[in-house]
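J.: I need the structure of the sequence given here:
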Amino acid sequence: MRKKCSIKILFVINALLLLTVFSGCSSSEYKKFSGDEAKQVVSILQKNGCLDCHSAKASLPFYGKFPLIGSKVKEDMKDGTHYIDFTSLLDALNNGTPVSEVDVAKVENSALTGSMPPAIYYCMPMHWGTNLNSDEKKVLIEWAKNVRKVNFTSPTVAEEFAGEPLQPLPDIIPTDSAKIALGFALFHDTRLSGDSTISCATCHDLNTGGVDHLQFSQGIRGQLGGVNPPTVYNAALNFAQFWDGRAANLQAQASGPPLNPVEMGSASFDNICAALSRDKAFTLTFTKVYPDGLSEANITDAIAEFEKTLLTPSRFDKYMRGDKSALTAEEIEGYNVFKKNKCATCHVGMNIGGQSYEYFGVKADYFDFRGTGLTDGDNGRFAVTKNESDRHKFKTPTLRNILVTYPYMHDGTVATVEEAVKIMGEYQGGEKLSDKEVGQIVTFLKTLTGEYDGKLLK
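T.: From the prediction side, this is the model:
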């Protein structure tokens, strides 16, 4: 009994010592940078201990080695870095370079909801005073809105929605009309494949949401790819192309599939050019637009020009442009539920996604849930960078036309949008959404189905 009392007394003394040493670490240093929002944000994120969990460079704290709580500390640090690593954001703010639209949305959401830092962190004696106060939250929220307005606001948005994390499509992306016609023809031309059986449109059918509705598309000689093909609609608004981001833009993307041995299977673009050159009428038309003739650069440039036209304005765009009658009260409520559950921290901007690489399974192990074992396609961004921190990170897909671009996820294993919403809520957001919440979010997602060539996508 005496031994137990001694242990309790020792614990209290240690706690009081920790409180004496570490309390009072709250800082108002950010106020010294009045008039410079970037420096204020840097100061707030640093002085409130955000980098303790949201930086791959963070060191394990001394209490992370303690029994029982050590495993929890390590788990929180891992989850924190998977959700957002502030290193690149702080570097951008310090250097005056562009920040990520997704990072802006995540900081804003944390300030609006008060979800960060979690109570388990700031209630510990060594972290007392690190909780964001109302003034700090205000600074972060104002910074986010100002950065969005300057850098990410759509030219078509109504003034009242200029600060929203989601934005309407632009009316048009500048293109060359002559190149568009060529690009359309090439997009549908099977001569880009090794045996003249596969075109870009084979897997990206414009009549079926820019996809083929298969888990894995069928390429040359019936071969199957390893990931679900993303829609080609609105792809021009992505910050990179493919799930793993291996192509920087549409032109680079157009170079990949023709030479992929599993997809279109051509030996080289020289072979493709030779096949196309035998069509004298096409060659004549092509050289009128590209005087230097058929080449990989010119073929892919034309396809990219055509793909820039694949914008699909929806009822949500009409609403964001100021037409209040475009959405019902239920659909607007669905949008609010969508934002409430942090969906609008990754699915942001004019493409409602496609602006960042995100770790799949921030709050729980999606691949364990799937139960089919890991594949090469599950590596995501790691396949390009070979950095272990990028394993299982994928370019966030657009949610535009999501109702007509099934199946879902990079692996194409999810058949319905309702199931996809549930999975994302639990494995990304850490919330088991109710059937009502799922229904509300899906009601909103239906408003993102757009039109192409004057017709609603199906």
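J.: residue contacts, G163?
T.: G163 makes contact with K145, R148, K149, according to C-beta atoms under 8 Å, 6 or more residues apart in numbering. Any C-beta I mention is one placed from the backbone N, CA and C, and that applies to glycine too.
J.: Among these, name the ones in helices.
T.: Here DSSP state H is the test, and these give K145, R148, K149 as lying in helices.
J.: Just confirm G429 contacts G361, I think it does.
T.: No - the criterion here is C-beta atoms under 8 Å, and G429 misses it with G361 at 11.5 Å.
J.: Without its sequence neighbours, what residue ends up closest to A158?
T.: G322 (3.6 Å; C-beta to C-beta, 6 or more residues apart in numbering).
J.: Tell me how many other residues surround the one you found.
T.: G322 has 14 neighbouring residues, counting by other C-beta atoms under 10 Å.
J.: That one sits in which helix or strand?
T.: G322 belongs to no helix or strand when assigned by DSSP states H and E.
J.: which residues sit in contact with it?
T.: For G322, the contact set (C-beta under 8 Å, 6+ apart) comprises A158, E160, F161.
J.: Then A236?
T.: By C-beta under 8 Å, 6+ apart, the neighbours of A236 are I173, L250, E307, K308, L310, L311.
J.: coming back round to it: show the buried residues in the ones in helices among the contacts of G163.
T.: K145, R148 (16 or more other C-beta atoms under 10 Å).
J.: on that earlier part again, ok, the contacts of G163 vs Q218, which is closest?
T.: R148 (41.3 Å; C-beta to C-beta).
J.: do you know how far the closest one is from G349?
T.: As judged by C-beta to C-beta, to the nearest Å, R148 and G349 stand 9 Å apart.
J.: so what sits against both of the two?
T.: Both R148 and G349 are contacted by E101, P165, under the criterion C-beta under 8 Å, 6+ apart.
J.: PyMOL command to pick out the buried ones of the contacts of G322?
T.: In PyMOL syntax, the buried subset of these is picked out as below (16+ other C-beta under 10 Å):
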select buried, resi 161
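J.: Tell me if G64 really is in a strand.
T.: No - under DSSP: H, G, I helix; E, B strand; the rest coil, G64 falls outside any strand and is assigned helix.
J.: List the residues that contact D317.
T.: T156, P168, L169, G450.
J.: so the last one sits right up against L310, yeah?
T.: Just to be clear, that refers to G450. No - in this structure, G450 is not within contact of L310 by C-beta under 8 Å, at 10.1 Å.
J.: what's the overlap in contacts for these two?
T.: Taking C-beta under 8 Å, 6+ apart as the contact rule, G450 and L310 both touch Y233.
J.: ok, the residue positioned nearest the centre of the chain - contacts?
T.: The residue lying closest to the centre of the chain (C-alpha atoms, centre = their mean) is T396, at 3.0 Å. By C-beta under 8 Å, 6+ apart, the contact set of T396 is V102, C346, H347, G353, G354, Q355, S356, Y357, E358.
J.: Next, give phi and psi for the closest residue to it other than its chain neighbours.
T.: Residue nearest to T396 in three dimensions, not counting chain neighbours: G353, with 4.5 Å by C-beta to C-beta, 6+ apart. Note on G353: backbone dihedrals following degrees, to the nearest 10 are phi 140, psi -180.
J.: I'd say G353 and P397 touch.
T.: Yes - with contact defined as C-beta under 8 Å, G353 and P397 form a contacting pair (5.3 Å).
J.: where does G226 fall, phi/psi-wise?
T.: Torsion angles, degrees, to the nearest 10, at G226: phi -110, psi -10.
J.: so how far is P117 from the spatially closest residue to it that is not a sequence neighbour?
T.: Setting aside the residues directly before and after it, G226 is nearest to G377 in space (C-beta to C-beta, 6+ apart), at 3.8 Å. Remark: distance between G377 and P117 (C-beta to C-beta) = 35 Å.
J.: Have a look at these two and say which one is more surrounded.
T.: Neighbour count, other C-beta under 10 Å: between G377 and P117, P117 has more, with 22 against 18.
J.: Next, the more buried one: secondary structure please.
T.: Going by three-state DSSP: P117 is coil.
J.: all strands for the protein, in order.
T.: In the chain, the strands defined using DSSP state E lie at 357-359, 393-395, 451-452, 455-456.
J.: Would you mind checking which helix or strand in the protein has the lowest mean pLDDT?
T.: The helix or strand of the chain with the poorest confidence is helix 2-22; it has a mean of 42 (mean pLDDT, DSSP states H and E).
J.: With pLDDT and distance to N48 added, can I get the contacts of G163 in JSON lines?
T.: Shown next, in JSON lines, are those (pLDDT from 0 to 100; distance: C-beta to C-beta, whole Å):
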{"residue": "K145", "pLDDT": "94", "distance to N48": "20"}
{"residue": "R148", "pLDDT": "95", "distance to N48": "22"}
{"residue": "K149", "pLDDT": "93", "distance to N48": "25"}
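J.: Looking at these, spot the one nearest G245.
T.: Top of the list for closeness to G245, among the contacts of G163 and by C-beta to C-beta, is R148 at 22.7 Å.
J.: Wait, that closest one touches P165, no?
T.: Yes - the pair R148 / P165 is scored as a contact, 7.4 Å apart, by C-beta under 8 Å.
J.: that older thread, from G245, how far off is the residue nearest to the centre of the chain?
T.: Note on T396: its distance to G245, by C-beta to C-beta, is 10 Å.
J.: hey, what's in contact with both of the two?
T.: Common neighbours of T396 and G245, using C-beta under 8 Å, 6+ apart, are Y357.
J.: mind checking how far V99 is from S154?
T.: Applying C-beta to C-beta to V99 and S154 gives a distance of 18 Å.
J.: And F316, by the same measure?
T.: With C-beta to C-beta as the criterion, F316 and S154 are 12 Å apart.
J.: who's more crowded, those two?
T.: Neighbour count, other C-beta under 10 Å: between F316 and S154, F316 has more, with 25 against 20.
J.: The more buried one: what's it in contact with?
T.: If a contact means C-beta under 8 Å, 6+ apart, then F316 has L166, P168, A326, L327, Y335, F444, T447, L448 as its contacts.
J.: mind giving me a markdown table with these and columns for pLDDT and distance to K137?
T.: Shown next, in a markdown table, are these (pLDDT from 0 to 100; distance: C-beta to C-beta, whole Å):
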| residue | pLDDT | distance to K137 |
| --- | --- | --- |
| L166 | 98 | 22 |
| P168 | 98 | 28 |
| A326 | 98 | 32 |
| L327 | 98 | 29 |
| Y335 | 98 | 23 |
| F444 | 98 | 26 |
| T447 | 98 | 30 |
| L448 | 98 | 30 |
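J.: For the residues you listed, give me TSV that also has distance to D205.
T.: Shown next, in TSV, are the contacts of F316 (distance: C-beta to C-beta, whole Å):
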residue	distance to D205
L166	27
P168	26
A326	28
L327	28
Y335	29
F444	26
T447	23
L448	19
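J.: and which of the residues you listed is nearest to T231?
T.: Of all those, T231 sits closest to L448, with 11.8 Å by C-beta to C-beta.
J.: Can you tell me which of the ones in helices among the contacts of G163 is nearest L224?
T.: Checking those against L224 by C-beta to C-beta gives R148 as the nearest, at 40.6 Å.
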